[in-house]
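**Student:** this one's sequence-less:
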């Protein structure tokens, strides 16, 4: 478990704040997931399907479709990806479709959560209802009193950040969050009026000298090189490379607010572009850097284990394959 989440886990399971979740995934989970996804360097498509369809139940439903029905629905999805209706899927069209898919499922998940959190079914989620869903009880920390136990203090800080985000998402100042506000709370990266809050939250956590930027030292957090070591550990070298080559676009040695946003918010655009290029590399039979319907159907299994169809999930969601939508 990520050490910085230990305090949170002590008082019960909860979703980590966005930046913390990303940091933990990068530092602890990425290597293990990579090994499961690519054992001995070989791509394992069934891992994609099981992990991203959401579980065995969804996989079971996927295999129930007849080949004819899979084929029909897949052709409908291909048609919808082809924005200019020229009969070919370009990198841009594939990337845009994958990004739209990411956002659609994030919104669907938030809508399902909203119903679960709204205990009295009054159309809004109060702060107390959020606590009851998350921790089975209402938790109330004193904002000005730190706790002696380090783990409990870590959880207090995370809980207070959640409360601030909850209050920021509440635009109409009502007693709770309506569905749109709840989506802003759960997915602030998807809502324009939350962008400034996301940036300020990240600065509060990482900008230790208060200059409005995040330096490489602040980016690396509490890390200090072992004085007996000749060089930094591998994970630090990876993080330094990410700072220099992925985030610090103007190469001034620090992250400004917009560069900081690219760090703390998932880069779905980059993921989508990478997947689009992968599909073209694997499926483009005539090397024209675009995919025809025939090329996709020739490689149907590959397409159905990719993010372009959310690993086959779109074939069970009329939002994606219904001709009238």
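**Tutor:** In hand now; what should we look at? Everything quoted here is computed from the prediction, not taken from an experiment. Numbering: from 1, shown residues only.
**Student:** what residues sit buried inside the helix or strand residue 110 falls within?
**Tutor:** Here residue 110, judged by DSSP states H and E, is contained in helix 91-117. Neighbour counts over helix 91-117 (16 or more other CB atoms under 10 Å) mark 91, 93-99, 101-102, 105-106, 110, 113-114, 117 as buried. Bear in mind the C-beta positions are built from the backbone N, C-alpha and C, glycine included.
**Student:** off-centre distance for that helix?
**Tutor:** Centroid separation between helix 91-117 and its chain, computed with CA atoms, centre = their mean, to the nearest Å, is 10 Å.
**Student:** where does the prediction get shaky in the stretch 1-150 of the chain?
**Tutor:** The stretch 1-150 of the chain contains residues with pLDDT under 70 at 1-63.
**Student:** just the helices in it please.
**Tutor:** Remark: helices assigned in the stretch 1-150 of the chain by DSSP state H, counting those that start in this stretch are 6-10, 18-24, 30-37, 45-53, 56-64, 67-81, 91-117, 127-135, 150-169.
**Student:** how far does stretch 165-181 sit from the chain's center?
**Tutor:** Remark: stretch 165-181 is offset 22 Å from the chain centroid, using CA atoms, centre = their mean.
**Student:** list the buried residues for that stretch?
**Tutor:** Under the neighbour-count criterion of 16+ other CB under 10 Å, stretch 165-181 has 165, 166, 168, 169, 170, 176, 177, 178, 179, 181 buried.
**Student:** tell me the one of those residues nearest residue 229?
**Tutor:** Distance to residue 229, by CB to CB, is smallest for residue 165 among the buried residues of stretch 165-181, at 38.4 Å.
**Student:** you'd agree the closest one is up against residue 200?
**Tutor:** No - applying CB atoms under 8 Å, one finds residue 165 not in contact with residue 200, separated by 10.7 Å.
**Student:** spit out the contact partners of residue 257.
**Tutor:** 199, 203, 212 (CB atoms under 8 Å, 6 or more residues apart in numbering).
**Student:** against residue 220, how distant is the last one?
**Tutor:** In this case it means residue 212. For residue 212, the distance to residue 220 (CB to CB, to the nearest Å) stands at 19 Å.
**Student:** those two - which one has more neighbours?
**Tutor:** Neighbours per residue, other CB atoms under 10 Å: of residue 212 and residue 220, the larger number sits with residue 220, 16 against 12.
**Student:** OK, contacts around that one?
**Tutor:** With contacts defined as CB under 8 Å, 6+ apart, residue 220 is in contact with 236, 239, 240.
**Student:** which of those are buried, as a PyMOL select command?
**Tutor:** Listed next is the PyMOL selection for buried residues among those, using 16+ other CB under 10 Å:
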select buried, resi 239
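**Student:** can you put the contacts of residue 220 in a markdown table and add secondary structure and distance to residue 271?
**Tutor:** Compiled in a markdown table, the contacts of residue 220 are given as follows (DSSP: H, G, I helix; E, B strand; the rest coil; distance: CB to CB, whole Å):
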| residue | secondary structure | distance to residue 271 |
| --- | --- | --- |
| 236 | helix | 24 |
| 239 | helix | 19 |
| 240 | helix | 22 |
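**Student:** tabulate the contacts of residue 220 (CSV), appending distance to residue 293 and pLDDT.
**Tutor:** CSV is the format used below for the contacts of residue 220 (distance: CB to CB, whole Å; pLDDT from 0 to 100):
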residue, distance to residue 293, pLDDT
236, 47, 90
239, 43, 91
240, 44, 93
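**Student:** between the contacts of residue 257, which is nearest residue 141?
**Tutor:** If you rank these by distance to residue 141 using CB to CB, residue 203 comes first, at 22.1 Å.
**Student:** quickly note the distance from the closest one to residue 159.
**Tutor:** Distance, residue 203 to residue 159, by CB to CB: 20 Å.
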